[in-house]
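Peer 1: Below: sequence and its predicted model.
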Amino acid sequence: MSEGAFRTPLSRVRGSGAAHGGTEHFIAQRVTAIALLGLALWFAIAAALHIDSFEEAVAFVRDPVNAVGVILLLLVGARHMMIGMQVVIEDYIAKPGTRTLLLIANAFACAAFAAAGIWSVAVINFGWGY
Amino acid sequence: MASAPESERPLSPHLQIWRWHPTMAASILHRVTGVGLYLAFLAFAGWLVLLAMGPQSYGWLDDLFHSWFGQLKLYGVFAVLAFHAANGVRHLVWDTGRHFAPKAASASAIFIIFVALAAPAALWLILTQGGRP
């Protein structure tokens, strides 16, 4: 069968094939990876060096640069791991219903934990009387 | 399809057939450490929430961080992060088309496994021998 017998001109221009997408995930996975090389390693080392108690942890998160860094880590990390876990689920879970449920749970979990983390950074910086 | 007879056709060799080699180990470890870091991220967000809830809520976590078990876990997470980051760099290099030949890929796989082991050891040395800034 010649290519294009059933394909619309728009489909051919988009060039995404039967999967309808994937390139944007491929690129996003790598761009977030580059950002996380800085963010994740910075946080792990800085936290190990500077945080050894509740007070030090609060002081760390109250530093403006650290606060912005932690929020970026939450946002970029959630995006990176959502795509990564999606690939794992798609690889190993063949049953359509289970797969869809897990993919939705994955997206919800990543968004919820990132939001909870950002809320916490805001509370630590602005939420207390002391 | 359920009643179809057992196929006589040969199957491609599955995981347990292959001899373990460095690139395969690195590939599998990348996925395992990725899932591990997913859980670590959830714990990281949980740490922030407990921190925001105040000292009473944070107390047990502080105790955990100072126990040998908690310390081992933290160094473990650092090793896992180091591996995933190092192998991520390896993938980014591959994306440029470089060092993808079998010998180079094997050598870099062995190298990053050492990086992952050396990273927590280096951090431990800095924290225990160098003194905190």
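Peer 2: Done, it's in.
Peer 1: And the helices in chain A, which stretches?
Peer 2: Along chain A, counting by DSSP state H, helices occupy A:9-14, A:23-50, A:54-62, A:64-92, A:96-122.
Peer 1: got the angle between the second one and helix A:64-92?
Peer 2: The one in question is helix A:23-50. 130 degrees (axes from the mean of the first three to the mean of the last three C-alpha atoms, to 10 degrees).
Peer 1: re earlier: for B:Arg90, find the nearest of the helices of chain A.
Peer 2: B:Arg90 sits nearest to helix A:23-50 of all those, at 11.1 Å, using C-beta to C-beta. C-betas here are computed from N, CA, C, even on glycine.
Peer 1: For the longest helix seen in chain B, give the mean pLDDT please.
Peer 2: The single longest helix within chain B, with elements called by DSSP H, is helix B:22-52. Averaged across helix B:22-52, the pLDDT comes to 97.
Peer 1: How about the following helix or strand past it and chain A, any contact?
Peer 2: Proceeding N to C from helix B:22-52, the next assigned helix or strand is helix B:55-66, under DSSP states H and E. Yes - Helix B:55-66 comes into contact with chain A (C-beta under 8 Å from any C-beta of the partner chain), by way of B:55, B:58-59, B:62.
Peer 1: mind checking how far A:Arg62 is from A:Asp52?
Peer 2: Using C-beta to C-beta, to the nearest Å, A:Arg62 is found at 16 Å from A:Asp52.
Peer 1: Could you do B:Trp60 as well?
Peer 2: For B:Trp60, the distance to A:Asp52 - C-beta to C-beta - is 16 Å.
Peer 1: More neighbours: the two, which one.
Peer 2: Set B:Trp60 next to A:Asp52 and count neighbours by other C-beta atoms under 10 Å in any protein chain shown: A:Asp52 wins out with 15 against 10.
Peer 1: Which phi and psi values does the more buried one adopt?
Peer 2: phi -140, psi 10 (degrees, to the nearest 10).
Peer 1: which non-adjacent residue is nearest B:Tyr38?
Peer 2: Nearest non-adjacent residue to B:Tyr38, counting by C-beta to C-beta, 6 or more residues apart in numbering or on different chains: A:Met81, 4.8 Å away.
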